[in-house]
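Novice: Kindly return the folded structure for what I paste below:
(3 chains)
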Amino acid sequence: MNRSMNMVEKILARKSGQKSVTPGDVVLTDIDLMLMHDLSANFVMKVFENEMEGATIADPSKLVFAFDHNFAPATRDAAEALAAVRRFTAKHKVKNLFDSGCGSIHHVVMEAGLVTPGMIVVGCDSHTPIYGALGAFSTGIGNNSMASLGFTQNKGWFKVPETIKIHFHGTAMKAVQPRDISQFLVGKLGEDGAIYKALEYAGPYIESLDVNDRALFPLQAIDVGGKCGFVNPDEKTWRHVQQLLGSRPGVPPFELFSNDADCRYADIVDIDVSRIEPQVACPPTVGNVHPIDAAVGTPINVAEAGGSTGGRLSDIRTLARCFASRRVHAGVRLQVVPASRDIYLAALKEGLFETLHIAGANIFPPSAGSNQAFNMGALAEDEVMISTQARNFPGRNGHPKARHFLASALSVAASALTGKITDPRTLEER
Amino acid sequence: MSQTIAEKILAAKAGVDRVTPGQIVDAYPDLVMSHTATWRSVSVMKKIGAKRLYDPDRLAIVLDHISPAKTEKYAADQQTSRNFAREYGIEKFYDVDAGIAHLVLMEHGHVKPGDLIVGTDSHCTIYGALGALGSGIGYTEVASVWVTGKLWMKVPTTIKLTLGGRFAGGVSAKDLMLHLIGTLGADGCGYKSVEFYGSAMPQMSISERMTMANLAMEMGSKCVFIPPDEKTSEWLLPRLKDPASYKPVLADKDAVYEQSIDVDLTRLTPMIACPHQVENTKPVTEVMGTRIDQAFLGSCANGKYEDLVVAADILTGRKIDPRVRLIVTPGSKEIMLEAMRTGVLATLIESGALVTNPGCGACAGDGGTMADGEVSLSTANRNFVGRMGSNKSSIYLSSPATVAASALKGAIADPREFY
Amino acid sequence: MQDTISGRIYKFGDNVNSDIIIAGRYLIYIDPVKLAEHAFEMLGDGFPAKLRSFDILVAGRNFGCGSAREQASTAIQGLGIKAVVAASFARTFYRNAINDGLPIFECPAVYDAVSEGDEISIDLAGGLISHAGNDYEFARIPESVAKILALGGLANYLKSTLETDSAPR
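Specialist: The predicted structure follows:
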């Protein structure tokens, strides 16, 4: 009799041609999609071209390149790097090249309907686990693995991870967003709390969220050292995927794997979300999570909602609601970065950008925004930023002494209104 | 009597009755502007040990060239500028979200006919679109004007340019200026003032006049004037804090001009400035088919709302060539807002363009950098080697219509087929 | 300021623009030493070093055209260049050179006469440039402006006037 498996184990089993797998097994699987953005692409290409002469790409349709950190390259080096990727994709007939201005890689990939449940998706980006919200097994891998086994054979090897299940229940307080809950978890488990493990985000609270909000959880799996994260697929997952696939032609048939009823976990963590306050990750690291009280009152210079972690239509709506008939605080530069071209157009259509523009916000092209300050987001020594970004390490956004706090879109909005880090619960209801 | 516009303005600002070309006067500018370079003038002020400004109200600061900061140094320099503005109570301070200095200052009513305006940017000539004398200077001299209130200026001779006829469909002010720069040369109006007249002028929109006054710099002009008329007052009066301050300065009927040049707009065709000089102009028909990698719609020359509309009209319902990156940078917040409201922004994005935040953008090398061998077609005003990245890349300059048409084709194209 | 400036010349053509002299990405510097590392870099990687072995630049028409960037003259000074002679100067470069204390001389005849590596000598008081036994007159900078140059630039000039203003009466 086959052992009970969860979604991740089932996918790994199926893709390695086995009936079942057990945590600890090392398996060689097919890979369905390989993602690289404009920072990792060149490293992978270098390995492929310099160390694997004569090799060919087994299936160019499985490669995806997206330029998201550079929406308009600021330096000659950056321009050369992008030009090199364009040449590579032309030479190897890779069609999935999303050039500057398409958006943040993961949103672009999802909106293009490239990911279906049951897939194994790998990326040279630590936030690749996001696709666990769509019923896929997705994780970050290194340049070598991508270029060698990945490109040439569409294969990868993985150690089957143990799984920790986080059971979220209760109703979140007013002004507490899914990002706060996800950050709370990071703070609770710690940056080494789930090393090499799979995290399953479960429970009535997770089930109540739409797929876009669920995605925030596997997105932060890396922050606790996790290999991947997922939400057990349900009706919502199915409908969301159908919507993403839309009228895309030639979608290969897919299978929705879900947990067996009695699958086992290395650990189960119970979280009552009703007691969680708005959270903030304080400098110098993503794991330095505290209730926002710890930072309230800190004057800020820059506020940003954008990229894969905060540039969704729901986030822009959050900001627009806050700033209808209000102005951004005089000393604050509020930066809004939609996560994709479609989101930009939708925000225009709904009048959200007009509202924010009039309020004093600055609207940027679809991209990763201030992530690593390629096109924007460099701070001076004494400056402070609050954003929905994924990382706040020193030096990542300009001067190493600049301070960067990570929070929900609502907390970012509240802070941009007052000019200081603000608990969104104190904001007047809109 | 018999004074040109430049002579009248310089005489007034020097506190004398009249001046003659060649004469050096100490003139007191009404406005001294500085942009992202402000921190340099601040450091000069520190270096000379000056603490007081002649008149804080005459300063304008707009952080437009590198907006927003992408390195720690830019961020620190911008902080220096902000702190200076705060310390001295500079009201006319506009941060990295405002847009291009020249457009922002005109939109906010800080420029009026008869003003003398100097600043850390050669395209200060653009203020001539509103009948002001605008001229670029260096950051040390800006600091000097901050502190002393004045600077020496040599009274220029004036060239009279008379425009007749009308533009054919697809031809615009940018093409006129490229034609003039190509004909007269990069120093064709060196040290001189230029005044525009003729039957074609009343129809010229304020936006087109800005393009004209902007590009006049590329033929070496010290300053440029489009004499104020109804269009000027209609555009400017609602923006002025004190409408009574609107007092156009016009040349005397018997003003003496060094040279008179006539241009028949009807005979003009779309023009391109080829690498690597602005005066290296050719009709678009001679370079059609040149492949481009990137197209840029923006800059103080052509980043105005009307320019975006011209491009959007051509791009409506169409998609740009997939090999072309079309970067659109609205010239200011006001321009971007109008483009949002009228659907122009959506049209541009739907065609495949990337719309950035307002500012100088790729013109000054802020984004849109090119790799070796790449080619850009740009609506900006300079195509010097390496300005947009690699010194092995090329920049062609053109009008917004030509940029739009070319982005569609993937190669330099004649916009007249869309008219 | 000295009575004569002399040395070996490097010759440029017409319309040498400010982007060539110093690219926009280096405007984050105002220090002549840092700027000199990148001066004329657009013409080729070895250029900044090459120009250091010359003393005077001689150029055609419209030298320094384009942007109002003051760093164009600062960068040239950083290279150790003692003076620039040109058939004509763009007006912003002209002003900035004076304000930076970089001696400039307008003299089309010298541009026509010289070749790279030639020696020339500029007699400031006499208003003449000597080359290969010939003397050429350069256009005089107006007296009121020349004193800025004589004091080594506008910052020095200002400092001295401010000190005078605040000196006890």
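
Novice: quick one: the helices in the stretch 251-400 of chain A?
Specialist: Assigned by DSSP state H, counting those that start in this stretch, the helices in the stretch 251-400 of chain A fall at A:313-323, A:341-349, A:352-359.

Novice: brain fart, chain B
Specialist: B:5-14, B:38-48, B:72-87, B:101-107, B:139-148, B:173-184, B:206-215, B:230-236, B:299-302, B:305-315, B:333-342, B:344-350, B:400-409 (DSSP state H).

Novice: Out of these, indicate the one that is most buried.
Specialist: helix B:299-302 (a mean of 31; mean count of other Cβ atoms under 10 Å in any protein chain shown). Where you see a C-beta, it was placed from the backbone N, CA and C, and this is true even at glycine.

Novice: thinking again about what came up before, any chance of the helices of the stretch 251-400 of chain A in a markdown table, with mean neighbour count, mean pLDDT and distance to chain C too?
Specialist: Formatted as a markdown table, these follow (neighbours: other Cβ atoms under 10 Å in any protein chain shown; pLDDT from 0 to 100; distance: least, Cβ to the nearest Cβ, whole Å):
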| stretch | mean neighbour count | mean pLDDT | distance to chain C |
| --- | --- | --- | --- |
| helix A:313-323 | 22 | 97 | 32 |
| helix A:341-349 | 20 | 97 | 29 |
| helix A:352-359 | 21 | 98 | 28 |
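
Novice: Please name the residues that touch the closest residue to B:Leu151 other than its chain neighbours.
Specialist: Nearest non-adjacent residue to B:Leu151, counting by Cβ to Cβ, 6 or more residues apart in numbering or on different chains: B:Val145, 5.3 Å away. For B:Val145, the contacting residues are B:Pro29, B:Val32, B:Tyr54, B:Val118, B:Ile137, B:Leu151, by Cβ atoms under 8 Å, 6 or more residues apart in numbering or on different chains.

Novice: out of these, which are inside strands?
Specialist: B:Val32, B:Val118, B:Leu151 (DSSP state E).

Novice: Give me the pLDDT for the residue of chain B most remote from its centre.
Specialist: Distance from the C-alpha centroid of chain B, by Cα atoms, centre = their mean, peaks at B:Gly49 (33.5 Å). We have a pLDDT of 93 for B:Gly49.

Novice: now it: how far from C:Thr161?
Specialist: 12 Å (Cβ to Cβ, to the nearest Å).

Novice: likewise C:Gly46?
Specialist: Distance from C:Gly46 to C:Thr161, by Cβ to Cβ: 42 Å.

Novice: the more surrounded of these two?
Specialist: Taking neighbours as other Cβ atoms under 10 Å in any protein chain shown, C:Gly46 and C:Thr161 compare with C:Thr161 leading, 15 against 10.

Novice: nearest residue to that one other than its sequence neighbours?
Specialist: Using Cβ to Cβ, 6+ apart, the closest residue to C:Thr161 is B:Thr148 (7.9 Å).

Novice: so can I have TSV of the helices of chain B showing distance to A:Gly250?
Specialist: As requested, the helices of chain B are exported to TSV (distance: least, Cβ to Cβ, whole Å):
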stretch	distance to A:Gly250
helix B:5-14	67
helix B:38-48	55
helix B:72-87	46
helix B:101-107	47
helix B:139-148	59
helix B:173-184	45
helix B:206-215	47
helix B:230-236	54
helix B:299-302	42
helix B:305-315	29
helix B:333-342	36
helix B:344-350	24
helix B:400-409	28
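
Novice: on that earlier part again, with pLDDT and neighbour count as extra columns, can I get the ones in strands among the contacts of B:Val145 in JSON lines?
Specialist: JSON lines is the format used below for the ones in strands among the contacts of B:Val145 (pLDDT from 0 to 100; neighbours: other Cβ atoms under 10 Å in any protein chain shown):
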{"residue": "B:Val32", "pLDDT": "98", "neighbour count": "29"}
{"residue": "B:Val118", "pLDDT": "98", "neighbour count": "25"}
{"residue": "B:Leu151", "pLDDT": "96", "neighbour count": "23"}
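
Novice: tell me, how many neighbours does A:Thr22 end up with?
Specialist: 12.

Novice: With the one 5 residues further on instead?
Specialist: Counted by other Cβ under 10 Å, the residues lying close to A:Val27 total 17.

Novice: Now for the residue nearest to it when sequence neighbours are not counted: which residues touch it?
Specialist: Distance criterion Cβ to Cβ, 6+ apart; nearest residue to A:Val27, sequence neighbours excluded, is A:Ser16 at 4.0 Å. By Cβ under 8 Å, 6+ apart, the contact list for A:Ser16 reads A:Val27, A:Leu28, A:Thr29, A:Asp30.

Novice: Report the buried members of the residues you listed.
Specialist: Using 16 or more other Cβ atoms under 10 Å in any protein chain shown as the burial test, the contacts of A:Ser16 include A:Val27, A:Thr29 as buried.

Novice: What is the nearest of the contacts of A:Ser16 to A:Ser138?
Specialist: A:Thr29 (12.4 Å; Cβ to Cβ).

Novice: sec struct for that closest one, please.
Specialist: strand (DSSP: H, G, I helix; E, B strand; the rest coil).

Novice: Kindly reformat the helices of the stretch 251-400 of chain A as CSV containing distance to C:Ala36.
Specialist: Formatted as CSV, the helices of the stretch 251-400 of chain A follow (distance: least, Cβ to Cβ, whole Å):
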stretch, distance to C:Ala36
helix A:313-323, 47
helix A:341-349, 44
helix A:352-359, 43
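
Novice: So which of these is nearest C:Tyr157?
Specialist: Ranking those by proximity to C:Tyr157 (Cβ to Cβ) places helix A:352-359 first, at 45.4 Å.

Novice: That closest one versus helix A:313-323: what angle between them?
Specialist: 40 degrees (axes from the mean of the first three to the mean of the last three Cα atoms, to 10 degrees).
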